[in-house]
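Participant: requesting a structural model of the entry that follows:
(one chain, ligands or ions: 3)
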Amino acid sequence: MPKHCTHLDQVKDVAPRTPDGCEECLAMGGDWVHLRLCLSCGHVGCCDNSPNRHATKHFHGTAHPVIRSYEPGEEWGYCYPHELFVEVLAARPGEAAARHYDPPEG
Ligand SMILES: [Zn+2]
Ligand SMILES: [Zn+2]
Ligand SMILES: [Zn+2]
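Facilitator: Numbering: from 1, shown residues only. Ligands and ions are numbered 1, 2, ... in the order given. Below is the predicted model:
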């Protein structure tokens, strides 16, 4: 029986707080692979393939449930409490990444 996510209704329009990279990695000089956008507050964090996994840490620290990919051309979302992938979670205005952002050099 498919799980039903009750959090998607709570998704708001958010503006990425750090539109050019992972908030914590930019502050500490960390590396990331891909970026994720928190749909509760606009936090940009790095994915679970990144060394510091700040998107998942953000969920554990805040209980903000839903992220979407912050990579160009990707539309999927993910709910942490339900461990549920959402195939199409269309970006709202201002949410989509204009391009893939790489970590700063060195
Ligand atoms: Zn959910
Ligand atoms: Zn990070
Ligand atoms: Zn958040």
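
Participant: is A55 located within a strand, as I assumed?
Facilitator: No: using DSSP: H, G, I helix; E, B strand; the rest coil, the secondary structure at A55 is helix, not a strand.

Participant: my read: it touches L39, true?
Facilitator: No: A55 is not in contact with L39 according to C-beta atoms under 8 Å; the separation is 11.4 Å. The way it works is simple: take the backbone N, C-alpha and C, and place the C-beta from them, glycine included.

Participant: hey, what's in contact with both of those two?
Facilitator: Between them, A55 and L39 share these contacting residues under C-beta atoms under 8 Å, 6 or more residues apart in numbering: I67.

Participant: where do the strands of the protein begin and end?
Facilitator: With DSSP state E as the definition, the chain shows strands at residue ranges 35-38, 44-46, 66-69, 77-79, 84-86.

Participant: JSON lines please, covering those and showing distance to F59.
Facilitator: Output for these, formatted as JSON lines (distance: least, C-beta to C-beta, whole Å):
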{"stretch": "strand 35-38", "distance to F59": "8"}
{"stretch": "strand 44-46", "distance to F59": "9"}
{"stretch": "strand 66-69", "distance to F59": "8"}
{"stretch": "strand 77-79", "distance to F59": "10"}
{"stretch": "strand 84-86", "distance to F59": "13"}
